[in-house]
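Quick one: sequence plus predicted model below, questions after.
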Protein chains: 2
Amino acid sequence: MTGSVPPSPPSGAPDGRKDLTLLPVGEPPQQLRADAARNRTRLLEAASRLLVECGAANLTMEAVASAAGVGKGTVFRRFGDRTGLLLALLDHREQQLQAAFLSGPPPLGPGAPAAQRLHAFGPAVIRHEHDHHELILATRADPLRTYGVPAYGLRVAHIAMLLREAGVEGDAELLAHTLLGCLDTALVHHLSVARGMPLDRLEAAWHDLVTRLGAER
Amino acid sequence: MTGSVPPSPPSGAPDGRKDLTLLPVGEPPQQLRADAARNRTRLLEAASRLLVECGAANLTMEAVASAAGVGKGTVFRRFGDRTGLLLALLDHREQQLQAAFLSGPPPLGPGAPAAQRLHAFGPAVIRHEHDHHELILATRADPLRTYGVPAYGLRVAHIAMLLREAGVEGDAELLAHTLLGCLDTALVHHLSVARGMPLDRLEAAWHDLVTRLGAER
DNA sequence: AGCAAACCGGACCGTGGTCCTGTTTTAGGA
DNA sequence: TCCTAAAACAGGACCACGGTCCGGTTTGCT
């Protein structure tokens, strides 16, 4: 998710957030001044537009700034750095996935047995990351931030919970990291694109692994 | 390993390589002209020196060039880009690890049963990556190259071989990727440094995972 | 209205990377 | 041994971009 909150730590309530009822993990509401919030929105919209036009690799901070009609400094003040902006862009899309596994319909969402939810999780993430791989990969320029980001923490917590709920023994948290490792965008991209491996095989490996860890389907 | 071989593809024999009897996977020998090879060495030495002085983050291509007494263009001609240079620096150190698991003493090297070698592999890699995490992390600026690099491929092949030899069922190659995922530098660094998790726990998780996959100790 | 805090915008800097000119070195055949 | 063509080189101008900084302005609160 956001991944960088350089300025003010004050927390509050009124935030121009969308109607996403669940508010999965959202970026820190951190109330912004009216103009700042407006500019933030403008920036994200401009960036989103430029993203489809030029691709993540050619997305420059200056272009985003001028497309949004604000100064360059504003972009950095708001998002910290390029990675922060990309993370914010990603965050918006990430919420769909989060909503799906936190409160969507079974077997991914609550309602199904933990083991089934675990099995459903892999393909869901693979598909999600496949759809946004360009943006995600661009985000990885700063490798350490990958794991510090709220979205990652949420996935770990979610999987660890399902593992425990499914009665899987062992270090649930580390097993969660391991499982997430198989879904890593760069890895999936390398295997599927560079090495021509069909996604079916990756998904099969996921199911196999989950099953072996003790979560019968 | 090298990771980038921008120029001439000609392959040959005589290379000024060191006495490393095994020649684990070494970078493509690709015979360079005498002066080119000499400059390559100078550059790597200069970079290595600057690395300990300034840290990977402050290692600039221009500084390396001038410290080696060559022109900036030469650095890029040789290594392609910054990541290529860092990868080359890493390659040198990587060979020690490769020698250890390819031809070193048991239980890491040949001579021990596959299961034991598998168990020994995790801690060895964790330690190796811990020692060079700064350089490795700097290398990750280009996430896709991580998996394309020969060193990674070698590790995958090695683990997949051990898995098969140990009689582990399933998709050996993908299991190998999964196992390597637990050893990822950025992940290990995040867990141990940022989250204060003791390395023992990471190693225990490795052993547990290997065992669960069917490789008894 | 008045004030502090937050913000805006753009000048500015360092670095990665490209490219070009003229020069030096090497390899290998006569 | 010498000569020649090809390859590599020095080195610096040049560009684009990420990121920082600061002076002037706006905003929100009292």
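Here it is on my side, so go on.

Alongside DNA strand C, which residues does chain A contribute?
Proximity of chain A to DNA strand C, by C-beta under 7 Å from any atom of the strand, involves residues A:7-8, A:32-33, A:35-36, A:39, A:69-74, A:77-78. For the C-beta atoms, the positions are set from N, CA and C on the backbone; glycine is no exception.

okay, who's weakest in those residues by pLDDT?
For these, the weakest pLDDT value sits at residue A:8, with 34.

Show me what counts as buried in the helix or strand hosting residue A:164.
Using DSSP states H and E, residue A:164 sits in helix A:150-165. Neighbour-count burial for helix A:150-165, with 16 or more other C-beta atoms under 10 Å in any protein chain shown as criterion, is recorded at A:150, A:151, A:152, A:154, A:155, A:156, A:158, A:159, A:160, A:162, A:163, A:164.

about what we covered before: return the subset of the residues of chain A next to DNA strand C lying in helices.
Applying DSSP state H to the residues of chain A next to DNA strand C, the entries found in helices are A:35, A:36, A:39, A:72, A:73, A:74, A:77, A:78.

So the residue lying closest to the last one once chain neighbours are set aside versus residue A:142, what's the distance?
Closest residue to residue A:78 in three dimensions, ignoring its sequence neighbours and counting by C-beta to C-beta, 6 or more residues apart in numbering or on different chains: residue A:40, at 5.5 Å. Look at residue A:40 and residue A:142: by C-beta to C-beta, to the nearest Å, they are 21 Å apart.

so who does residue A:57 touch?
For residue A:57, the contacting residues are A:134, A:138, by C-beta atoms under 8 Å, 6 or more residues apart in numbering or on different chains.

before we move on, the earlier item: would you mind getting the angle between the very next helix or strand once past the helix holding residue A:164 and helix A:150-165?
Sequence-wise, the next helix or strand downstream of helix A:150-165 (DSSP H and E) is helix A:172-182. Following axes from the mean of the first three to the mean of the last three C-alpha atoms, to 10 degrees, one obtains 120 degrees for the angle between helix A:172-182 and helix A:150-165.

can you give me how far helix A:172-182 is from the chain middle?
16 Å (C-alpha atoms, centre = their mean, to the nearest Å).

which other residues reach it?
A:122, A:125, A:152, A:155-157, A:159-161, A:163-164, A:168, A:187, A:202, A:205-206, A:209-210, A:213, B:174, B:177-178, B:181-182, B:184, B:187, B:191, B:201-202, B:205, B:209.

switch the cut-off to 6 Å
Contact with helix A:172-182 is made by A:155, A:156, A:159, A:160, A:163, A:164, B:178, B:181, B:182, B:205, as judged by C-beta atoms under 6 Å, 6 or more residues apart in numbering or on different chains.

Over to stretch A:186-193?
Under C-beta under 6 Å, 6+ apart, the answer for stretch A:186-193 is A:126, A:133, A:197, A:199, B:143, B:147.

From those residues, list just the buried residues.
Buried among those (16+ other C-beta under 10 Å): A:126, A:133, A:197, B:143, B:147.

where's the first one, which helix or strand?
Taking DSSP H and E as the definition, residue A:126 sits inside helix A:114-131.

Reformat the contacts of stretch A:186-193 as TSV; add secondary structure, distance to residue B:88 and pLDDT.
What follows is the contacts of stretch A:186-193, written out as TSV (DSSP: H, G, I helix; E, B strand; the rest coil; distance: C-beta to C-beta, whole Å; pLDDT from 0 to 100):
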residue	secondary structure	distance to residue B:88	pLDDT
A:126	helix	33	96
A:133	helix	28	95
A:197	coil	28	96
A:199	helix	34	95
B:143	helix	18	95
B:147	helix	18	95
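
what's the span of stretch A:62-80 from first residue to last?
14 Å (C-alpha to C-alpha, to the nearest Å).

Please see if stretch A:136-149 touches chain B.
Yes. Using C-beta under 6 Å from any C-beta of the partner chain, stretch A:136-149 reaches chain B at A:137, A:140, A:141, A:143, A:144, A:147.
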